[in-house]
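Participant: Have a look at this prediction, sequence included:
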Amino acid sequence: MSGSTLSGFATALEVHAREVRARLSGTLAVRGAASGSAAAIAEHALARACPVILTRFAALLPITADDHPATRDANEATAVEYAEAIAAMAGWEAAVGPDTRLRTAIQHRLSTIAQTCRSCIEGHLHAGSDTDIPDVRQLAVDILRVEAVEWVIEIAGGSSHSEQIRLLTHRAARQSVVWAGVVFERFKIRPDEMSHFDAVATLSAVDDLLVVILRVLQSDRDERRSGSHPFVLTIGEQAMQDFVNGLRHMTGRYLDIAEQHLLSAGAAGDFAQSVLRVLHRVLLFGHALLASVELVDIRLNHETALTRMVGMRAKLQASLDMPGASERYLTRLQVLDVALRDVGA
């Protein structure tokens with residue numbers, strides 16, 4: 001169906017409901033004709049329009065029960081337009097319909113869609129353990145996909161389902177921040193090659209970390225508005241505090257390593273160069289997050305990293321003129337130049 005077809009369908013239902021309501025105050029014969037008209041439209045909608053609209057609506061969502069989501073032709077209606085048509089059918093039945101079969105069918109399909117979303121997110125939540133932390137990147141992608149579904153379900157009239165999905169995505173976002181904090185804590189306790197690798201992998205997902213952190217902050221705002229105790233940290237606030245503490249410790253450790261071995265040769269110098277790339281990610285993360293929200297500890301961490309990396313850049317620039325300066329100094333300087341330029345320093 002095209003968007004114009006669905007729009008016309010919704011308009012026709014609205015006009016019909018208005019006409020039927022006007023006639024229900026008429027004579028017995030007029031009321032009978034109006035009721036008969038409503039019954040005929042209800043049967044047609046149940047047999048034809050409703051199944052087609054619900055099926056295409058579900059198929060076009062970014063998360064579906066089908067492993068191979070449907071493609072959409074250029075002239076076909078969007079998921080939002082299908083959602084508006086679904087809401088129009090439910091509204092028509094609530095106004096003049098003979099029963100509740102349309103709304104029952106609609107809510108059943110919306111419930112199925114919501115369950116698919118829950119299964120998608122809960123699959124990530126059940127995968128985590130002390131030794132196996134799920135991929136923050138994939139979880140962030142699925143949170144965004146589920147949020148898109150939540151939005152159109154709300155339009156279609158499934159507010160209770162969309163609220164359940166919203167709470168679940170907030171929970172998933174909080175758990176992602178907890179997992180990231182665990183990674184940083186491991187590095188703090190045992191800064192070996194494995195914990196370094198995990199930390200680098202976590203920080204490499206800068207955009208995805210931003211997705212989940214912004215969702216955590218939103219859930220905290222929602223919880224505060226609902227009346228949570230003003231002097232007790234919310235679950236999200238506690239998760240963020242642990243995450244930031246771990247990030248600050250890890251950033252400080254990496255800055256110390258980079259400064260200590262900035263001019264070193266061999267393996268120590270090569271490791272310092274890899275650490276500079278990690279610090280580049282730390283700068284990008286702080287810069288991007290602070291553009292959206294004001295978090296004091298994140299700002300302090302960002303400003304500390306920025307100041308010390310500017311100092312390292314100056315040290316490398318000065319070292320290039322020294323006798324016997326290594327070509328690797330120039331490579332490390334280039335890493336710092338790119339990192340600082342990316343945040344406008």
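Facilitator: Cool, got the structure.

Participant: same for whichever strand or helix holds residue 17, what does it pack against?
Facilitator: Taking DSSP states H and E as the definition, residue 17 sits inside helix 3-23. Applying 3 or more Cβ pairs under 8 Å, 6 or more residues apart in numbering; DSSP states H and E, we find helix 3-23 packed against helix 28-44, helix 79-96. Every C-beta, even on glycine, is put in place using the N, C-alpha and C of the backbone.

Participant: Least reliable of those helices by average pLDDT, please.
Facilitator: Per-stretch mean pLDDT for the helices and strands packed on helix 3-23 is lowest at helix 28-44 (a mean of 87).

Participant: what's in contact with that helix?
Facilitator: 13, 16, 19-20, 23-24, 26, 92-93, 96-99, 101-102 (Cβ atoms under 8 Å, 6 or more residues apart in numbering).

Participant: Pull the distance from stretch 331-345 to the chain's centre.
Facilitator: Relative to the centre of its chain, stretch 331-345 is centred 29 Å away, using Cα atoms, centre = their mean, to the nearest Å.

Participant: Return the list of helices and strands in contact with the worst-scoring helix or strand of the chain on mean pLDDT.
Facilitator: Lowest mean confidence among the helices and strands of the chain (mean pLDDT, DSSP states H and E): helix 206-225, at a mean of 75. Identification of packing neighbours for helix 206-225 by 3+ Cβ pairs under 8 Å, 6+ apart yields helix 136-156, helix 159-189, helix 235-260, helix 266-290.

Participant: Tell me if I'm right that residue 257 and residue 273 touch.
Facilitator: No. Under the criterion of Cβ atoms under 8 Å, residue 257 is not in contact with residue 273, lying 10.8 Å apart.

Participant: separation between residue 320 and residue 120?
Facilitator: Separation of residue 320 from residue 120 (Cβ to Cβ, to the nearest Å) stands at 52 Å.

Participant: Kindly apply the preceding question to residue 263 instead.
Facilitator: 49 Å.

Participant: and if you look at residue 161?
Facilitator: Distance from residue 161 to residue 120, by Cβ to Cβ: 14 Å.

Participant: same question, residue 310
Facilitator: Residue 310 is 43 Å from residue 120, by Cβ to Cβ.

Participant: In terms of neighbours, single out the busier of those two.
Facilitator: residue 120 (19 against 13; other Cβ atoms under 10 Å).

Participant: need the contact list for that one.
Facilitator: Going by Cβ under 8 Å, 6+ apart, the list of residues near residue 120 reads 63, 142, 145-146.

Participant: could you check the angle helix 159-189 makes with the helix or strand hosting residue 123?
Facilitator: Residue 123 belongs to helix 101-125 when assigned by DSSP H and E. In terms of direction (axes from the mean of the first three to the mean of the last three Cα atoms, to 10 degrees), helix 101-125 departs from helix 159-189 by 0 degrees.

Participant: on that earlier part again, using CSV, lay out the helices and strands packed on helix 206-225 together with mean neighbour count.
Facilitator: Formatted as CSV, the helices and strands packed on helix 206-225 follow (neighbours: other Cβ atoms under 10 Å):
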stretch, mean neighbour count
helix 136-156, 20
helix 159-189, 20
helix 235-260, 19
helix 266-290, 18
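
Participant: Rebuild those as a markdown table, extending it with mean pLDDT and distance to residue 41.
Facilitator: As requested, those are exported to a markdown table (pLDDT from 0 to 100; distance: least, Cβ to Cβ, whole Å):
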| stretch | mean pLDDT | distance to residue 41 |
| --- | --- | --- |
| helix 136-156 | 88 | 19 |
| helix 159-189 | 85 | 25 |
| helix 235-260 | 85 | 47 |
| helix 266-290 | 87 | 52 |
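
Participant: Dump stretch 253-264 to CSV, restricted to CA.
Facilitator: Output of stretch 253-264 as CSV, limited to C-alpha atoms (Å, rounded to 0.1, in the frame of the first residue of the first chain):
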residue,chain,number,x,y,z
ARG,A,253,47.5,5.0,34.2
TYR,A,254,47.8,5.4,30.4
LEU,A,255,48.9,9.0,30.6
ASP,A,256,51.7,7.9,33.0
ILE,A,257,52.8,5.2,30.7
ALA,A,258,52.8,7.5,27.7
GLU,A,259,54.8,10.2,29.4
GLN,A,260,57.3,7.8,30.9
HIS,A,261,58.1,6.0,27.6
LEU,A,262,57.3,8.9,25.2
LEU,A,263,61.0,9.0,24.0
SER,A,264,61.8,5.4,24.6
